[in-house]
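Enquirer: any chance you can model this:
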Amino acid sequence: MSSIKQLAGQTLWYGISSIAARFINYLLTPYLTYSTLITTANYGQMSTVYAAIPLFNVIFTYGMETTYFRFMRKDVDRESVNNTASISLLISSVVLSILLWLNQAWLAKITTLSELPLLIQLSIIIIGLDALTTIPFVRLRYEGKPRLFATLKIVGILINIAFTVFFLSYCPHAIKINPSSWIAYIYKPGLNPITYVLLANVFASFCTLLLLSKWVMPKKWSFNIALWMTMMAYSLPMLVAGLGGMINETFDRLMLGWWLPGTHEFADEQRGIYSACYKLSILITLFIQAFRMGAEPFFFKQAEAENPQRVYARVTKFFVITIAIMFLVVTLFLPIWKHFIDPKYWEGLKVVPILLVANMSLGIYYNLSIWYKVTNRTIVGAWITLIGTSITFIVNYFFIPKYSYVASAWATFLCYFSMMVISFLWGQKEYYVPYAWKKLSAYIIIVLLLFYLHHFISSLLANTYLSFLAAVIFILAFILFVLKIEKKEFVRFPFIGAAINKYF
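Expert: This next block holds a predicted model:
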């Protein structure tokens, strides 16, 4: 139980930074979508850029985060691992940034933003700066400094939002009052407004790098080539898996630009609607990100303990229960959540439940994927991800022309669901973990049935307050049901255990 509590504590702190990051960006969503400066097409262009950036982040870091945790074991020279990983990332970040800068036309073509070269240049700068912070943040996670990690992340985020508001709110107002003021040197009213969103990101990334400067450089400039080769053998399959995973997560925005019939502006508008509605799955994606930050080093450390499979199974159980409740909170109260985006984006709300179930599948897959990481079979992760990527491409290619972003939502679900199932079946044969998969599957089916039942009742009632009352009843009923079924698990927790013993 102490190990589970440790994971919960670390997840909480990593969650603070992750939740702050995503939530502030989530607050930027209504700010940007309601902005009179940014059209639906502009928002689509921004979503395209932020679909490409994570893809290149994966290439620039080539799985070195997971590799760092895997090689920082008790029986190795940890300083050598740290120095080798740091030098490798430093050199590769500089080289890849230069190569990307020299191939801007190619990057502009795949993002369908050839007419906006400044967006491409700012994106390359962001990618390079973020890559340089990879090992410093990984070191903070490995050394068990979640509070410092959270603080630095939040500071960078606040800088980002401050510059965004400065450029999009203060500058237009100031230059309208006094066109000859100093603002005229940094703000051009005719420039695409998304340029200033990215410029704010550049400032934030640069400031974050400065704050991490103590950890950017290796402690000693010694590069162990033999160790690096071994690390790369472990890391490169993770690159393939990470690249495929990011394609599955963000590439549909690019595909909408490639395969939607009509003008580029129409494609940008459709991407804008889809991306804004995607933000409404924020609760589950926030939790998954926070969980991953704490779980990855935790899982590797547990691998050296006695009977780690039992711990993995229990962690997965708590994870599934949590995201099942979150699914109900988002879907049953969607009439409230939808106001975080401008009404002109509401036509895409139908994809939110699909995306939520997709992200639930992805989160479960992250739990299941530990088997091939601790057994050094990362090539399996690459194959599973490539299967998911194939599904993403095939479904989007054939159905985007007719169903637009709805096809992308279903492609996301089919991709993550397939990866989850394949990883489970394959993992149980190679590295058995006693997952309570029948019970967990039942929980997920129950919340889906509750969602459809609530939708049916709401359509009959046609009353918002009664619909919300029904939502509260359904959520509480599910929580009480789980507490009753999982009584033995929850009695170990203070307060919760006392309440369970009293009422159950």
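Enquirer: residue 388 touches residue 418, doesn't it?
Expert: Yes: using C-beta atoms under 8 Å, residue 388 is in contact with residue 418, at 6.0 Å. All C-beta atoms are positioned from the backbone trio N, CA, C, and that covers glycine.
Enquirer: so which of these two has more stuff around it?
Expert: Neighbours were counted for residue 388 and for residue 418 using other C-beta atoms under 10 Å; residue 388 has more, 28 against 18.
Enquirer: below-threshold pLDDT in the stretch 351-500 of the chain: ranges please.
Expert: Within the stretch 351-500 of the chain, the ranges that satisfy pLDDT under 70 run 490-500.
Enquirer: repeat that for the stretch 51-200 of the chain.
Expert: 73-75.
Enquirer: which parts of it are helices?
Expert: 64-71, 78-102, 104-110, 117-132, 134-142, 146-165, 171-177, 194-211 (DSSP state H, counting those that start in this stretch).
Enquirer: which neighbouring elements make contact with the second one?
Expert: This means helix 78-102. Secondary-structure packing of helix 78-102 (3 or more C-beta pairs under 8 Å, 6 or more residues apart in numbering; DSSP states H and E): helix 40-61, helix 64-71, helix 117-132, helix 134-142, helix 225-259.
Enquirer: now those helices as CSV including distance to residue 472 and mean neighbour count?
Expert: Output for the helices and strands packed on helix 78-102, formatted as CSV (distance: least, C-beta to C-beta, whole Å; neighbours: other C-beta atoms under 10 Å):
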stretch, distance to residue 472, mean neighbour count
helix 40-61, 33, 22
helix 64-71, 40, 23
helix 117-132, 41, 20
helix 134-142, 37, 22
helix 225-259, 32, 20
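Enquirer: would you list the ones you listed in TSV and tack on distance to residue 319?
Expert: Formatted as TSV, those follow (distance: least, C-beta to C-beta, whole Å):
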stretch	distance to residue 319
helix 40-61	23
helix 64-71	19
helix 117-132	27
helix 134-142	19
helix 225-259	18
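Enquirer: still on that earlier bit, dump the helices of the stretch 51-200 of the chain to JSON lines, plus distance to residue 447.
Expert: Formatted as JSON lines, the helices of the stretch 51-200 of the chain follow (distance: least, C-beta to C-beta, whole Å):
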{"stretch": "helix 64-71", "distance to residue 447": "31"}
{"stretch": "helix 78-102", "distance to residue 447": "41"}
{"stretch": "helix 104-110", "distance to residue 447": "38"}
{"stretch": "helix 117-132", "distance to residue 447": "35"}
{"stretch": "helix 134-142", "distance to residue 447": "31"}
{"stretch": "helix 146-165", "distance to residue 447": "30"}
{"stretch": "helix 171-177", "distance to residue 447": "45"}
{"stretch": "helix 194-211", "distance to residue 447": "36"}
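Enquirer: right, so of the ones you listed, which gets closest to residue 45?
Expert: Minimum separation from residue 45 across the helices of the stretch 51-200 of the chain (C-beta to C-beta) falls at helix 194-211, 5.4 Å.
Enquirer: what's the closest one in contact with?
Expert: Contacts to helix 194-211, defined as C-beta atoms under 8 Å, 6 or more residues apart in numbering, come from residues 32, 38, 42, 45-46, 49, 116, 118-119, 122-123, 125-126, 129-130, 132-133, 152-153, 155-157, 159-164, 166-168, 171, 187, 216.
Enquirer: quick revisit: quick check: which of the helices of the stretch 51-200 of the chain is nearest to residue 441?
Expert: Per C-beta to C-beta, nearest to residue 441 of the helices of the stretch 51-200 of the chain: helix 64-71, 27.8 Å.
Enquirer: what sits against residue 119?
Expert: 45, 49, 113, 192, 194-195, 198 are the contacts of residue 119 under C-beta under 8 Å, 6+ apart.
Enquirer: from those residues, pick the one nearest residue 427.
Expert: residue 49 (35.8 Å).
Enquirer: how much space between the closest one and residue 132?
Expert: Distance, residue 49 to residue 132, by C-beta to C-beta, to the nearest Å: 20 Å.
Enquirer: same check, this time on residue 446
Expert: Taken as C-beta to C-beta, the span from residue 446 to residue 132 is 46 Å.
Enquirer: how about residue 478?
Expert: 45 Å.
Enquirer: what does residue 363 give?
Expert: Per C-beta to C-beta, residue 363 is found 29 Å from residue 132.
Enquirer: before we move on, what about residue 383?
Expert: For residue 383 relative to residue 132 (C-beta to C-beta), the value is 31 Å.
Enquirer: cool, residue 174 as well?
Expert: Residue 174 is 33 Å from residue 132, by C-beta to C-beta.
Enquirer: likewise residue 117?
Expert: Residue 117 is 24 Å from residue 132, by C-beta to C-beta.
Enquirer: also residue 151?
Expert: For residue 151, the distance to residue 132 - C-beta to C-beta - is 19 Å.
Enquirer: one more: residue 226?
Expert: Taking C-beta to C-beta, one finds residue 226 at 25 Å from residue 132.
Enquirer: also residue 72?
Expert: 20 Å.
Enquirer: residue 307 - how many residues pack around it?
Expert: 9.
Enquirer: can you report phi and psi for it?
Expert: phi 50, psi 60 (degrees, to the nearest 10).
Enquirer: need the pLDDT of it.
Expert: Looking at residue 307, its pLDDT stands at 77.
Enquirer: next one: it from residue 314, what distance?
Expert: Residue 307 is 11 Å from residue 314, by C-beta to C-beta.
Enquirer: residue 321 is in contact with residue 486, correct?
Expert: Yes: contact status for residue 486 versus residue 321: in contact at 7.3 Å, counting by C-beta under 8 Å.
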